[in-house]
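**Q** Quick one: sequence and predicted model below, then my questions.
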Amino acid sequence: MPTLQSLVLTDRATTPVNHTFTPFGLEGGVAMVVESSGVKVGDSKFSISNRKSANGRYKVAMKLEVPVVDNAVVNGITVPTVSRIGYANVEFSFSDRSTTAERNNLVGMLASGLATSKTLVNSTVVDLEGVWG
């Protein structure tokens, strides 16, 4: 069983940047790590949980929230304001009879599908293009 620990995620910037998320808390089986810029309203958050459903399936959920913070001037005072937030939700569902190899392959296939070279996924998610054909 993993402990709540720091998590480093690398973005896809031209010069990739490592984003370090540090432990924030564990509540109701949901572990949360945050990347802080020093302004709490602008913290990026990553959470992960694992639960077993009544029908014996394991549900693993991950959520990433990345806000964009702008400075607004109100009555001459600069106030950090969240202008928008990007969200990603991933949920895995496994039978209690699944093997480690099966779960590993499913995770690997999903990770592979997110590669920039996978035009169907990349153009739809990153470039916000519709699918046709």
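**A** Nice, I can see it. For clarity, every value in this text was computed on a predicted model and none was experimentally measured.
**Q** Only C-alpha atoms from now on, for both contacts and neighbour counts.
**A** Noted.
**Q** What segments of this protein are helices?
**A** With DSSP state H applied, the chain shows helices at 100-113, 119-125, listed in chain order.
**Q** Tell me the gap between the longest one and the middle of its chain.
**A** The one in question is helix 100-113. Relative to the centre of its chain, helix 100-113 is centred 17 Å away, using C-alpha atoms, centre = their mean, to the nearest Å.
**Q** sorry, back to before: out of the helices of the chain, indicate the one that is most buried.
**A** Compared across the helices of the chain, helix 119-125 shows the largest average neighbour count, a mean of 14 (mean count of other C-alpha atoms under 10 Å).
**Q** Now do that one: everything it contacts.
**A** 113-116, 129-131 (C-alpha atoms under 8 Å, 6 or more residues apart in numbering).
**Q** ok so, going back, and the helices of the chain: which comes nearest residue 93?
**A** helix 100-113 (9.4 Å; C-alpha to C-alpha).
**Q** pull the CA atoms of the closest one into PDB?
**A** Only the C-alpha atoms of helix 100-113 are listed here, as PDB (Å, rounded to 0.1, in the frame of the first residue of the first chain):
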ATOM      1  CA  THR A 100      -1.600  -7.600 -12.200                       C
ATOM      2  CA  ALA A 101      -0.600  -8.100 -15.900                       C
ATOM      3  CA  GLU A 102      -4.000  -7.300 -17.200                       C
ATOM      4  CA  ARG A 103      -4.200  -4.100 -15.100                       C
ATOM      5  CA  ASN A 104      -0.700  -3.100 -16.000                       C
ATOM      6  CA  ASN A 105      -1.500  -3.600 -19.800                       C
ATOM      7  CA  LEU A 106      -4.600  -1.500 -19.500                       C
ATOM      8  CA  VAL A 107      -2.800   1.400 -17.800                       C
ATOM      9  CA  GLY A 108       0.000   1.100 -20.400                       C
ATOM     10  CA  MET A 109      -2.400   1.200 -23.300                       C
ATOM     11  CA  LEU A 110      -4.100   4.300 -21.900                       C
ATOM     12  CA  ALA A 111      -0.800   6.000 -21.300                       C
ATOM     13  CA  SER A 112       0.300   5.200 -24.800                       C
ATOM     14  CA  GLY A 113      -3.000   6.600 -26.200                       C
END
